[in-house]
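K.L.:
Pasting the sequence and the predicted model now:
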Amino acid sequence: MFGETLLVQIGKTTLLCTVDNDSLCRGCGAPILWVLTPAGRKMPVDPPDEDGTPTVSHFSTCPDASRFRKAKA
């Protein structure tokens, strides 16, 4: 799976990202994939379903996402 491309849905935008590695969320403990966005940034996403639909950012599904938000400058 590493190095493969993955469709990630962010709002109304779909990004083609590259899978970098996998881990567990430090907040909720769910399995996540880390992908590289087209801009070269790392983003945690939920593992994709087997049906091929785009996956989503883990920030949109994690109950502890607020712990990881950066303060606005």
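P.N.:
Ah, there it is.
K.L.:
check contacts around the residue most central in space within the chain.
P.N.:
Nearest to the geometric centre of the chain sits V45, at 1.7 Å (C-alpha atoms, centre = their mean). V45 is in contact with L6, V8, C17, I32, L33, W34, V35, T55, V56, S57, H58, counting by C-beta atoms under 8 Å, 6 or more residues apart in numbering. The C-beta positions use only the backbone N, C-alpha and C, and glycine is treated the same way.
K.L.:
who's in contact with the last one?
P.N.:
In this structure, H58 makes contact with C25, A30, I32, P44, V45, D46, A65, judged by C-beta under 8 Å, 6+ apart.
K.L.:
Name the residues linked to I10 by a beta bridge.
P.N.:
I10 forms beta bridges with T13, as assigned by DSSP bridges.
K.L.:
Please give the number of neighbouring residues around it.
P.N.:
By the criterion of other C-beta atoms under 10 Å, I10 has 16 neighbours.
K.L.:
my read: it touches S57, true?
P.N.:
Yes: assessed by C-beta atoms under 8 Å, I10 is found in contact with S57 at 6.0 Å.
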